[in-house]
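1. quick one, fold the following:
(chains A and B)
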There are 2 protein chains.
Amino acid sequence: MSEFRFARGFRAAAGRCGLKQSGKPDLSLLVADGPCAAAGVFTTSLVKAAPVLYDQAVLAENPAGVRAIIANAGCANACTGDQGDRAAAEMAALAAQAVGCAPEQVLVLSTGVIGVQLDTAKVARGVAAIAPDLAGDQAQALAEAIMTTDTRPKTASATVEIDGVAVTLAGVAKGAGMIHPMMATMLSIITTDAAVAPDLLQAALREACDASFNCVTVDGDPSTNDTALLLASGASGATVGAASLARFTAALTEVCADLARQIAGDGEGATKLVTVTVSGAPTVADARAVARVIARSPLVKTAVHGGDPNWGRVLAAAGVAGVPLDPRRLALRFGAVELVAAGTPIGYDESQAAAQMAGPEVDITLDLGLGLASGTAWTCDLSAEYVSINADYRT
Amino acid sequence: MSEFRFARGFRAAAGRCGLKQSGKPDLSLLVADGPCAAAGVFTTSLVKAAPVLYDQAVLAENPAGVRAIIANAGCANACTGDQGDRAAAEMAALAAQAVGCAPEQVLVLSTGVIGVQLDTAKVARGVAAIAPDLAGDQAQALAEAIMTTDTRPKTASATVEIDGVAVTLAGVAKGAGMIHPMMATMLSIITTDAAVAPDLLQAALREACDASFNCVTVDGDPSTNDTALLLASGASGATVGAASLARFTAALTEVCADLARQIAGDGEGATKLVTVTVSGAPTVADARAVARVIARSPLVKTAVHGGDPNWGRVLAAAGVAGVPLDPRRLALRFGAVELVAAGTPIGYDESQAAAQMAGPEVDITLDLGLGLASGTAWTCDLSAEYVSINADYRT
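-> Next up is the predicted model:
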């Protein structure tokens, strides 16, 4: 596998500025050669970090002229009040100065400790140090510099033909890990060399996120900082219009879903990637809602961890998803083994069922028997290691 | 402390019928001397166990004439289809025969394995064995015979003066433990010797449950079998009417909240009881909703387990409760130590904050700064032992 690169028209640089106590890379810049259309999907939490509020303002006012993204790890700049707002703006200004654009053309991402003021002096020194590297392409280094408790960087790419031109979509993400003292955040940066009008770009990103990042659960809750950003450089020469939007969105969804699966599989303490598919639903939204509730259930996640085909927990979780269902129409499979039909267990072989839970990937499929729509959610198992990471960090 | 007893007008018996593989007590009967007003609050899950559906039918048709409750542990009779419905009715008939009443005067409770058919032959033998004990009062034994993974029985009582008479409320509960292969259920049986019309009794139980059992979370999800039943014998001679309903409901809420705290403190793997109080809310419902989301958060629960005053997780959880709030008005205390004011951390002493988490009871208080209402939720910490109980039972 060749090294990950962003789409044409983008350059990246990454390095250390001292925000992570570990001394690992914690600052990065993504710079576009010219103004880009930009779209963003943000946490629905009412407790939003300062960079989230800053980015929402930039996208509202300047969605066709974004030039750069500056990202730090080690400090979330969340629950930091007015001082936090000023720090986010200062980060944007520092990046703007390095790039040669206006602060209103810069998006800001932060992840790390909640409730600690961002040390912008460190960011300033970091920007000065990494800006010369923007001549090269440090996309892989950027993917590493946004990590917090992730054990590995997450990158994904896809190509799609638009106007006879091969258009690239290439993105990175960091996971929903949370660790002492107060870490948060799913972040993703996706680039494309297609030209896409901001409103179409936003629609495509919203749809892709609904089918990917919004279907991942590790802890169950969105964080203060969750953000997915998509920049379109147009460097390929191809323009996405009404006729090609669906194809572009499909490729974007593929990239986002790839990253989402990587996030789920790298959840804190994870030993297994769990894919929950709900079929036979009246609508895709219903299917995803049920899948998410199953994927979120600590009882389902511990059962998967133990390799226990504990199907009652899956049905019990489905029953509280807030989606109409008929218990007597439910059919359930673990991997290829059917366990439940018409809402009651069928005579399955217990050891065969357990075998479906033994590998690193576990597939749970629930059919509601009510319609034709389906949806998927991803999670990981819940291990004692998760508890240890989140409880015993100080001790 | 004297041994627990139900209110006047009720007798109890309990014993073993072989539904629990452990051979521990698993069958019990509560019998009223005469027809009682009855009320019930049930799981909101759409996947309801057969006894839930049976009880809902009894209460709809016969809310003033209930004579008995039969309860088993070891088998939830959930996801058991038509055969499960017949088994619930058969349990009621067996109790009715022993008591000398009609099956429509009997309520049924089951807890235990999901998806396994109930062996009614065992229930029949068990009823025959314990019925002679109904002459005595085995209330404490009943509290033990409804346990599953509970480590201790849960009982609570209160008295309240109605019409110049001391009226008793006395109840038992079992906790929200879930264990292999598919266990479920919070159950509670509460008795009173007041006379209360069924509609008032139902209103009182609904209000009490909303402030107690519905504010407990261990795993986060309601089960297929959750049920709270309240029977009023009238044996005290006092009648609760419109004028005394609030006082009666307050005493009932006290009993239910006592049981709810016992359930939270005895959650699987629990080492600490966590009380989350949300104040300054526009409505009680809002306050409880925010408290429940905080109490449910695995990140908050692991932080409590580790004794880590990780307040960012509390604010992050509050932000996703679906209740309007202003992050810049939030104030947070752990025990007596103020950590956050106006949404940002204040200069608190870290070791003092950690000391608030060290004991067996942890109090988290979040003020929304928006109104005058408050609400409470109870949970336990999330320990590696929880994962072990729920994942590794077979190994």
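2. by how many degrees do the helix or strand of chain A with the lowest mean pLDDT and helix B:384-391 diverge?
-> Lowest on mean pLDDT, DSSP states H and E among the helices and strands of chain A sits helix A:384-391, with a mean of 76. On the basis of axes from the mean of the first three to the mean of the last three Cα atoms, to 10 degrees, helix A:384-391 is oriented at 150 degrees to helix B:384-391.
3. so which elements touch helix A:384-391?
-> helix B:298-305, helix B:384-391 (3 or more Cβ pairs under 8 Å, 6 or more residues apart in numbering or on different chains; DSSP states H and E). Glycine gets a C-beta too; all of them are placed from N, C-alpha and C.
4. close to chain B, is the longest strand along chain A?
-> Taking DSSP state E as the criterion, chain A has its longest strand at strand A:27-42. No - using Cβ under 8 Å from any Cβ of the partner chain, strand A:27-42 never reaches chain B; the gap is at least 12.2 Å.
5. around chain B, which positions in the stretch 1-150 of chain A sit nearby?
-> So the stretch 1-150 of chain A meets chain B at A:44-48, A:76, A:78-81, A:83-84, A:113-116 (Cβ under 8 Å from any Cβ).
6. spatially, which two of these are the most separated?
-> Greatest spatial distance among the residues of the stretch 1-150 of chain A next to chain B (Cβ to Cβ): A:44 and A:83, at 24.6 Å.
7. what about the residue nearest to residue A:353 when sequence neighbours are not counted, how many residues close to it?
-> Closest residue in space to residue A:353, ignoring its immediate chain neighbours: residue A:309 at 3.7 Å, by Cβ to Cβ, 6 or more residues apart in numbering or on different chains. Residue A:309 has 27 neighbours, counted by other Cβ atoms under 10 Å in any protein chain shown.
8. residue A:309 sits in which helix or strand?
-> Using DSSP states H and E, residue A:309 sits within no helix or strand.
9. before we move on, what about residue A:201?
-> helix A:198-210.
10. identify the residues contacting the following helix or strand past that helix?
-> Next along the chain after helix A:198-210, taking DSSP H and E as the criterion, comes strand A:227-232. For strand A:227-232, contacts defined as Cβ atoms under 8 Å, 6 or more residues apart in numbering or on different chains pick out A:10, A:30, A:32, A:36-43, A:51-52, A:55, A:66, A:69, A:107, A:109, A:171, A:173, A:185-196, A:201, A:204-205, A:209, A:213, A:240, A:252, A:256.
11. what is the longest helix of chain A by residue count?
-> Using DSSP state H, we find that the single longest helix of chain A is helix A:245-265.
12. run the angle between that one and strand A:227-232 for me.
-> Here the directions of helix A:245-265 and strand A:227-232 differ by 140 degrees (the same axes, to 10 degrees).
13. using CSV, write out every CA atom in helix A:245-265.
-> C-alpha atoms of helix A:245-265 as CSV (Å, rounded to 0.1, in the frame of the first residue of the first chain):
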residue,chain,number,x,y,z
LEU,A,245,-23.9,14.4,-7.2
ALA,A,246,-25.2,11.0,-6.3
ARG,A,247,-22.1,9.3,-7.6
PHE,A,248,-19.8,11.8,-5.8
THR,A,249,-21.8,11.3,-2.6
ALA,A,250,-21.5,7.5,-2.9
ALA,A,251,-17.7,7.7,-3.2
LEU,A,252,-17.6,10.2,-0.3
THR,A,253,-19.8,7.8,1.8
GLU,A,254,-17.4,5.0,0.9
VAL,A,255,-14.4,7.0,2.3
CYS,A,256,-16.4,8.1,5.4
ALA,A,257,-17.6,4.6,6.1
ASP,A,258,-14.1,3.2,5.7
LEU,A,259,-12.9,5.7,8.3
ALA,A,260,-15.9,5.0,10.5
ARG,A,261,-15.1,1.3,10.6
GLN,A,262,-11.5,2.1,11.4
ILE,A,263,-12.7,4.3,14.3
ALA,A,264,-15.0,1.6,15.7
GLY,A,265,-12.3,-1.1,15.4
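14. and the angle for it with strand A:27-42?
-> If you take the same axes, to 10 degrees, helix A:245-265 sits at 120 degrees to strand A:27-42.
15. average pLDDT across whichever helix or strand comes after helix A:245-265?
-> Next helix or strand after helix A:245-265 toward the C-terminus (DSSP H and E): strand A:273-281. Averaging pLDDT along strand A:273-281 gives 96.
16. residues in contact with the helix or strand following strand A:273-281: which ones?
-> Using DSSP H and E, the helix or strand that follows strand A:273-281 towards the C-terminus is helix A:284-296. Residues outside helix A:284-296 that contact it (Cβ under 8 Å, 6+ apart): A:210-211, A:214-215, A:217, A:220, A:274, A:276-279, A:281, A:300-301, A:314, A:317-318, A:320-325, A:364, A:366, A:368, A:371, A:373-379, B:220-221.
17. what's around residue A:346, how many residues?
-> When neighbours are defined as other Cβ under 10 Å, residue A:346 has 11 of them.
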